[in-house]
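Undergrad: Test case, fold it:
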Amino acid sequence: DGNIRYYEFADTKPFIHYIADYKSSTPQLGMGLRPKTANDIASCEVASFLKVSNNMIEPIHFTVPRKSEMFQDDIFPDTAGPEPALTSAAWFGGANADPKLISLETGFVAKPKGAEFKPTVVKEVKVEKPKTDLEWKKEVESLNKRIAFLEAEIVKKDAKIKELGGN
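TA: Residues are numbered from 1 along each chain as shown. So this is what the prediction gives:
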């Protein structure tokens, strides 16, 4: 089936409104949603996909019919912009942040090419090889020595507490 129907969801009854559909006799193998910044805002294009079929990639545009020529803020809320919210180092460090939003009211304007791209080096994670039986035995021996030391420390602390009049 190559047909795609799209609807608008509302907060009041009826909750779902049919908008339009895309009809094709060519079935899709897959689809990719393009970013909101690639939409034609002036024609009220709310989504555009790239449809993959056996022998081509076809752009499909979904528009909402509107009579007004003004910007439609109800169908174009602020959207994620091209600027990252975090550096890669911050993200790998466990930080999280909401995306930096941009308004589509004036249309998407790409940054001038003067801004130079400066990639950051991400250190590779070293993958350790599995330990041999001998390495495991040495590690167990080391841990047992550590346990014996800590148990001896506890005995010393208990004796000190008893000496000072504790229970």
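Undergrad: Enumerate every residue touching the closest residue to residue 87 other than its chain neighbours.
TA: Closest residue to residue 87 apart from its sequence neighbours, by Cβ to Cβ, 6 or more residues apart in numbering: residue 120 at 6.7 Å. Where you see a C-beta, it was placed from the backbone N, CA and C, and this is true even at glycine. By Cβ atoms under 8 Å, 6 or more residues apart in numbering, the residues touching residue 120 are 87-89.
Undergrad: What does residue 120 show for phi and psi?
TA: Residue 120 has phi and psi values of phi -110, psi 150 when expressed as degrees, to the nearest 10.
Undergrad: Tell me how far it lies from residue 88.
TA: In this view, residue 120 and residue 88 are 6 Å apart by Cβ to Cβ, to the nearest Å.
Undergrad: my read: residue 82 touches residue 37, true?
TA: Yes: using Cβ atoms under 8 Å, residue 82 makes contact with residue 37 at a distance of 7.1 Å.
Undergrad: okay, and the common contacts of those two?
TA: In contact with both residue 82 and residue 37: residue 102, using Cβ under 8 Å, 6+ apart.
Undergrad: who has more neighbours, those two?
TA: Taking neighbours as other Cβ atoms under 10 Å, residue 82 and residue 37 compare with residue 37 leading, 16 against 11.
Undergrad: can I assume the more buried one sits in a helix?
TA: Yes: assessed with DSSP: H, G, I helix; E, B strand; the rest coil, residue 37 lies in a helix.
Undergrad: distance of it from residue 107?
TA: For residue 37 relative to residue 107 (Cβ to Cβ), the value is 9 Å.
Undergrad: Now for these two: what residues contact both?
TA: In contact with both residue 37 and residue 107: no residue, using Cβ under 8 Å, 6+ apart.
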